[in-house]
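In: only geometry, no sequence info:
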Ligand SMILES: [Ca+2]
Ligand SMILES: [Ca+2]
Ligand SMILES: [Zn+2]
């Protein structure tokens, strides 16, 4: 026992032990949706005081993505001209303001603060770091140079089953256009950090198959997950990351599991997530602290997301929120996406 813990914390620690035993036993009786009972208080408020949102005091803007996260992954096509700018207090900044940018491959050209970097012709990963001198700060961009989808042989990309994207985008919407390329992922790439609290491996499709695998993860989804995670921690629910039950899905896998054709998962901006820290047992934690793990925990996470929609920053990440109950295959979870329009279910 750590001596400086308060009596309340000690009690809570004891509860955690009890809870982990209970949570390991799935209940076969009672309410169908309740998968486990726990002894409250299940989650100790403020356990993860060390949670750091890892945001810089300036922003990077590229296209419709504006972010202050100190790390974010962005997919680009081979040879694509990637344009971005540095912004602080709503103004574009450049070298005169003490900013500089370096790239692991190639050079970042600075045209009066309009920064341009040309992606290599070979798929893989590259990194751009933007530094500010005083006060010292930086943002790292992980550029994921994708493999063009026109290199598919039948329904496969380098032997990996991708399947068919819908022939026409839903209602002609740009967000439902077939992606131009997918990120090639080897086993070594799984631990690549795509944002402060998420790794590439968390978004790999759950389908069978050997490496390399292919996926897509969009920066807006990462921004949304990071903001929700920050808010969850601020509410006293300890979560170093989310358990991503399902991130990217190939159209092939999406069809196999019987999901709707136009699922946001195949477009790389949806994730089915839950908090799984206390205990980390592959099942949602009792985040609403009512002593049971059920759909109400998903619903509670949804209310936290709802509260964020009032923020102008979060409004740019608008999309779907779906609350799911447990079944034989999985515990309760929350679906989030950034489809561009509001959707709730
Ligand atoms: Ca858990
Ligand atoms: Ca609960
Ligand atoms: Zn989903």
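Out: Sure, I can see it. Not measured: the values here are computed from a predicted model. Ligands and ions are numbered 1, 2, ... in the order given.
In: hey, where'd the strands end up in the stretch 1-150 of the chain?
Out: Using DSSP state E, counting those that start in this stretch, the strands of the stretch 1-150 of the chain run over 36-37, 55-62, 65-69, 71-76, 81-88, 91-93, 99-103, 108-111, 114-118, 124-132, 137-145, 147-148.
In: just the mean pLDDT for the first one, thanks.
Out: This points to strand 36-37. What strand 36-37 shows for mean pLDDT is 65.
In: same question, the last one
Out: In this model, strand 147-148 carries a mean pLDDT of 98.
In: helix or strand with the lowest mean pLDDT in the chain?
Out: helix 7-24 (a mean of 35; mean pLDDT, DSSP states H and E).
In: ok so, going back, in a markdown table, list the strands of the stretch 1-150 of the chain along with mean neighbour count.
Out: Backbone N, C-alpha and C define where each C-beta goes, glycine included. Shown next, in a markdown table, are the strands of the stretch 1-150 of the chain (neighbours: other Cβ atoms under 10 Å):
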| stretch | mean neighbour count |
| --- | --- |
| strand 36-37 | 20 |
| strand 55-62 | 17 |
| strand 65-69 | 20 |
| strand 71-76 | 23 |
| strand 81-88 | 18 |
| strand 91-93 | 14 |
| strand 99-103 | 17 |
| strand 108-111 | 14 |
| strand 114-118 | 17 |
| strand 124-132 | 18 |
| strand 137-145 | 21 |
| strand 147-148 | 18 |
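In: for ligand 3, which of those strands is the nearest?
Out: Nearest to ligand 3, of all the strands of the stretch 1-150 of the chain, is strand 71-76, at 19.7 Å by Cβ to the ion.
In: returning to that earlier point: got CSV for the strands of the stretch 1-150 of the chain, with distance to ligand 3 too?
Out: What follows is the strands of the stretch 1-150 of the chain, written out as CSV (distance: least, Cβ to the ion, whole Å):
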stretch, distance to ligand 3
strand 36-37, 22
strand 55-62, 26
strand 65-69, 22
strand 71-76, 20
strand 81-88, 29
strand 91-93, 37
strand 99-103, 34
strand 108-111, 36
strand 114-118, 33
strand 124-132, 26
strand 137-145, 22
strand 147-148, 25
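In: of all the ones you listed, which one is nearest residue 339?
Out: The minimum distance between residue 339 and the strands of the stretch 1-150 of the chain falls on strand 65-69, with 15.3 Å, by Cβ to Cβ.
In: which strands and helices sit next to that closest one?
Out: When contacts are defined as 3 or more Cβ pairs under 8 Å, 6 or more residues apart in numbering; DSSP states H and E, strand 65-69 packs onto strand 55-62, strand 137-145, helix 219-234.
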